[in-house]
Every structure is written in C-alpha cells, then in structure tokens.
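Enquirer: next comes the sequence, and after it the predicted model I'd like to discuss.
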Amino acid sequence: MQIIHEREGTNLVVYLVDELDQHSARTVIDALDRIVTLYPEESIILDLSRLTFMDSSGLAVAVNLYRSLEHSGRTLIIRHTPPQAMRVFHAAHLERKIQFIDQAGEGAVCRS
C-alpha cells in the first residue's frame, strides 16, 4: 500500500494506491493520523481511484479518518471510489456521514 498526498486548493488530497485490506489497514490508519496531525487546517479528500482492491477493512480506515477530522471541525470527502469499494461503503450506510463524489467531482454517487 502506498499513500500519496498533495494540496489541491484549500484541501489536502490523499491517494491510496494498491490494495486496502486487513494486512494494510493498520498501517494506513497510522499514516493518515500522521497526515491529519501534519496538516491541522486542511480538510481531506480521500481519492480511491488508484485502489485495486478494498475489503471491509477500508470501513475502519474511513471511519477513523472521518472521526479525526470531525473532532477538529474539518471535513472528509471520498472521491473516485471504485464500484466494489462503493458497495462496501454503501452496505455500511457511510454515505449518511461522509460525502462521496463521483469521477467528475460533482454530486454524491450514493444516496440513502
């Protein structure tokens, strides 16, 4: 698992690259916690376009990041979610808490 981050306007975009599964989830959570600490003002866009696989461990990653940002008054947006990963998020009803945007960057791809 590779994690890349860059500024995009007033947000920080974090790309998850490769597979997000039970073996990589703890490492990703720890890395995202460090990023949240290093960039205390920025809201985060989590870009999943470079994921090749995500299991339910991705839920823990997203929820942990959401809670960390919410605690400091910042927002999380998840974008470019692959269909398989979106099914996992949808099954957990995370669209009720986290905004998901489509490939064009407009509108939710999942509604409750």
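Expert: Alright, I've got the coordinates.

Enquirer: helices and strands of the protein: which one bottoms out on pLDDT?
Expert: Here the helix or strand of the chain ranked lowest by mean pLDDT, DSSP states H and E is helix 83-91, holding a mean of 90.

Enquirer: what is whatever helix or strand comes next after that one packed up against?
Expert: Later in the chain than helix 83-91, the nearest helix or strand by DSSP states H and E is strand 99-101. In terms of contacts (3 or more Cβ pairs under 8 Å, 6 or more residues apart in numbering; DSSP states H and E), strand 99-101 is packed against strand 76-79. Glycine gets a C-beta too; all of them are placed from N, C-alpha and C.

Enquirer: the most centrally placed residue in the chain and Leu16, how far apart?
Expert: Geometric centre of the chain, nearest residue: Leu46, 3.6 Å, by Cα atoms, centre = their mean. Look at Leu46 and Leu16: by Cβ to Cβ, to the nearest Å, they are 7 Å apart.

Enquirer: hmm, back to that, give me the helices and strands touching the least confident helix or strand of the chain, please.
Expert: Packed against helix 83-91, as judged by 3+ Cβ pairs under 8 Å, 6+ apart, are the following elements: strand 51-54, helix 57-71.

Enquirer: report the distance from the shortest one to the chain centre.
Expert: I take that to be strand 51-54. Chain-centre distance of strand 51-54: 12 Å, with Cα atoms, centre = their mean, to the nearest Å.

Enquirer: hang on, the earlier thing: got the angle between the least confident helix or strand of the chain and helix 57-71?
Expert: 60 degrees (axes from the mean of the first three to the mean of the last three Cα atoms, to 10 degrees).

Enquirer: so for helix 83-91, what gets flagged as buried?
Expert: Ala85, Met86, Val88, Phe89, His90 (16 or more other Cβ atoms under 10 Å).

Enquirer: chain center to it: distance?
Expert: That offset, for helix 83-91, works out to 13 Å (Cα atoms, centre = their mean).

Enquirer: what sits up against the lengthiest strand in the chain?
Expert: In terms of residue count, the longest strand belonging to the chain (DSSP state E) is strand 11-20. Outside strand 11-20, the residues that touch it by Cβ atoms under 8 Å, 6 or more residues apart in numbering are 1-7, 24, 28, 32, 35, 39, 42-55, 57-58, 61, 77, 85.
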